[in-house]
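Asks: fold the following and give me the result.
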Amino acid sequence: MKTASKQYGTKAYREGKRHGKRQTESKTIKAQNQIHCPDKRCLHVTTESYLDLIKGLRKSEEELLKTTETLQNRVHTAAARLLFFDMRLTMFRHVKIFGEMIDLVKEDSPPENLWNTRITTSADKLIIRRELDRHIRLEESTLANLEKAIASTRDETMKILLNRIINDIREHHKTVQLIIKRNYSF
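Replies: Numbers count the residues shown, from 1 in each chain. Model (predicted):
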């Protein structure tokens, strides 16, 4: 069995040779338009359009989600199981994000600026701003409680996961601030 480095890391492969034959130019171009995946089980999706690329990414993430669930159920420690669960949640989130991208973008080329893409809603902008400000205050309170939880435990796995949650909340905080800046600054 060839290793990934022998199969994909050689000069011959980079130049387009496979099994002693030189790839034609069209095959080389087609290979450049595929999602990189050294494992034969991966889904290879050509990127004929931006929408196809996003759909391919979603399928790849769905496959990762399945294999991670299998691993989670087979590991031998509570820490490993909990860490795989965390990974699965992240992958599930990625699948959902790709789905929303597919629903909202519906174009064959990458969008130029989604901030300019308006969605019709009956919500009042001032009310939305107040809700966003409240969301930020709740995040700040949650961050303080998470810091207390980290200080209260000696378990390495709990600290890792609690720190990931803190990082996620900090990223959410930045995202909400960006939304306020771009859409709800009065």
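Asks: which residues of this structure fall in strands?
Replies: 17-18, 21-22 (DSSP state E).
Asks: next, count neighbours for the closest residue to Q177 other than its chain neighbours.
Replies: In space, and not counting its chain neighbours, Q177 is closest to I136: 7.4 Å by CB to CB, 6 or more residues apart in numbering. Heads up, the C-betas are built off the backbone N, CA and C, glycines and all. I136 has 15 neighbouring residues, counting by other CB atoms under 10 Å.
Asks: what about I136, distance to F85?
Replies: The spacing between I136 and F85, counted by CB to CB, to the nearest Å, is 28 Å.
Asks: again, but for H94
Replies: Note on H94: its distance to F85, by CB to CB, is 15 Å.
Asks: and the two? Which one has more around it.
Replies: H94 (17 against 14).
Asks: now for the more buried one: which residues touch it?
Replies: Contact partners of H94, counting by CB atoms under 8 Å, 6 or more residues apart in numbering, are E61.
Asks: can you rerun that using 10 Å?
Replies: Contact analysis of H94 by CB atoms under 10 Å, 6 or more residues apart in numbering lists 57-58, 60-62, 64-65.
Asks: likewise L162?
Replies: Contacts of L162 (CB under 10 Å, 6+ apart): 146-153, 155.
Asks: from those, pick the one nearest R118.
Replies: L146 (35.9 Å; CB to CB).
Asks: right, and the closest one touches N163 too?
Replies: Yes - using CB atoms under 10 Å, L146 is in contact with N163, at 8.4 Å.
Asks: wait, isn't M158 in contact with A79?
Replies: Yes - M158 is within contact range of A79, at 8.9 Å (criterion: CB under 10 Å).
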